[in-house]
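# Provide a 3D model corresponding to the input given below.
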Amino acid sequence: MTALPAVHTQLRFAHLASGTRIAWASSGQGPTLVRAAHWMTHVQHDPESPIWRPWLQRLGQEVQLVRYDERGCGLSGPDDGPLGLAAALEELEVVVDAAGKRPVALLGMSGAVAPVLAYAARHPDRVSHLLLLGGYTHGLLHRQPSPEQLALHEAIVQLIRLGWGQRDAAVQQFFTAQMIPNATPEQAHALNEQQRLSCSGERAAAILRARVALDVRGLLPLVRCPTLVMHCEGDGVVAVERGRELAAAIAGARFESLPSRNHIPLAGEPAFERFCALVGDFVRERAGAGAGQAFTPRERELLGLVAQGLDNLQIAARLGLAEKTVRNALSRLYGTLGVEGRPQAIVRARELGFG
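Numbers count the residues shown, from 1 in each chain. Below you'll find the model as predicted:
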């Protein structure tokens, strides 16, 4: 097996409207992929982590990976603002702006899927495509939880608030055992430590409360860019059915299951290489299409409908346009794609990840 390269990370800071700093880092080379902040990050320690170092090494061969710590975690400062979708979206916006690359690919994992979807809905011209892993459309509080489920959630929140912050604490191990049940002892210890180092118990409890309150179902019809949804088949944190539910709610989204019981694929299991290959292929495919072909939101809509095999009259009805307007728009789009008619356009649109 070829040895993976060393990770050379550039660490920088951006600032929120409150003045709070957000730590972000980049590594690797290729098209830009921004990984939204997820549960308990610490960008300074990623290159040394048995969990995240292989991610940076392997994905760094495919993309320039930009990642950051959400407020109150890792090297990012806290502020007094409430946590939730608006706060997470603001963090993602300042990091994308600071990175200075547009359009970008976005990677959302677990609870970080929500701000990625919100960003794509709000800034369709800035996102080339989305990659979503282990995600969901809405949290526990929006799923008609039973009194027992609510009581268990509150007990877990209090356990975090009161028992966080000790080395090898049972509280961190409780989450580690759920998130990566097939981890090696070294990987499990690394996640325990990362959770401890990332933030205080009060902040961790606040983050968990914010995650279960997320609901982005109303934004999904606004997502127009090509989307790849990935989910580990045996995920015990977010059931694979949630991933299918997410993919079904986004027009033209592609769904791929990964053979793992872990919430995120880990180096050493087949799902890890499968995940990295999917990311690389999807990003490179779209990057190639974007060279001279920066599709507008309307063109993306058309490509999605063409890929579904709809004719001009059906597309016109779907978009509320005159059939002649659709015919003219498609004629221009065929020229952009370098195809001679609808059959070739359908094939090309699907090759580019639409439909």
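# what ranges do the helices span in this structure?
All helices of the chain, identified by DSSP state H, fall at 52-59, 85-99, 113-122, 147-163, 170-179, 185-198, 201-212, 240-248, 270-290, 297-307, 312-319, 323-337, 342-351.
# Out of those helices, point me to the one whose mean pLDDT is lowest.
Of all the helices of the chain, mean pLDDT reaches its minimum on helix 270-290 (a mean of 79).
# Quick one: residues in contact with that helix.
Residues from elsewhere that reach helix 270-290 (Cβ atoms under 8 Å, 6 or more residues apart in numbering): 30-31, 33, 54, 58-59, 61-63, 103, 105, 107, 128-129, 131, 133, 226, 228, 230, 232, 256, 258-260, 262, 265-266, 295, 351-353. (Glycine included, C-beta is placed from N, CA and C.)
# which residues does the residue nearest in space to the middle of the chain contact?
Residue closest to the mean C-alpha point of the chain, counted by Cα atoms, centre = their mean, is Gly108 at 1.1 Å. If you count contacts by Cβ under 8 Å, 6+ apart, Gly108 has them with 36, 38, 114-117, 130-133, 135.
# now Gly111
Residues in contact with Gly111 (Cβ under 8 Å, 6+ apart) are 38-39, 135, 139, 211, 214.
# Ala169 now?
163, 192, 196.
# How about Leu197?
42, 45, 74.
# let's go with 6 Å and repeat that
Applying Cβ atoms under 6 Å, 6 or more residues apart in numbering, we find Leu197 in contact with His42.
# coming back round to it: deepest of the helices of the chain, which one?
Comparing the helices of the chain by mean neighbour count (mean count of other Cβ atoms under 10 Å), helix 113-122 ranks first with a mean of 24.
# what angle sits between that one and helix 240-248?
Interaxial angle, helix 113-122 versus helix 240-248 (axes from the mean of the first three to the mean of the last three Cα atoms, to 10 degrees): 0 degrees.
# Would you mind pulling up the elements that helix 113-122 packs against?
Packing partners of helix 113-122 (3 or more Cβ pairs under 6 Å, 6 or more residues apart in numbering; DSSP states H and E): helix 85-99, strand 127-133.
# if we go to 10 Å?
Packing partners of helix 113-122 (3 or more Cβ pairs under 10 Å, 6 or more residues apart in numbering; DSSP states H and E): strand 32-35, helix 85-99, strand 104-109, strand 127-133, strand 227-232, helix 240-248.
# got CSV for those, with distance to Arg67 too?
Shown next, in CSV, are the helices and strands packed on helix 113-122 (distance: least, Cβ to Cβ, whole Å):
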stretch, distance to Arg67
strand 32-35, 4
helix 85-99, 9
strand 104-109, 9
strand 127-133, 13
strand 227-232, 17
helix 240-248, 22
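# out of those, nearest to Ile207?
Of all these, helix 85-99 sits nearest to Ile207, with 9.9 Å by Cβ to Cβ.
# Run the angle between that closest one and strand 127-133 for me.
130 degrees.
# Would you confirm that Val306 contacts Leu319?
No. Contact criterion Cβ atoms under 10 Å: Val306 and Leu319 do not qualify, at 11.8 Å.
# Please type out the ChimeraX selection for whichever of the contacts of helix 270-290 turn out to be buried.
In ChimeraX, a selection of the buried entries from those looks like this (16 or more other Cβ atoms under 10 Å):
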select :30,31,33,54,58,59,62,63,103,105,107,128,129,131,133,226,228,230,232,258,260,262,265,266,295,352,353
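# and the residue nearest to Pro221 when sequence neighbours are not counted, how many neighbours?
Leaving aside its chain neighbours, Pro221 sits nearest to Ala251 (7.6 Å; criterion: Cβ to Cβ, 6 or more residues apart in numbering). Using other Cβ atoms under 10 Å, Ala251 has 18 other residues around it.
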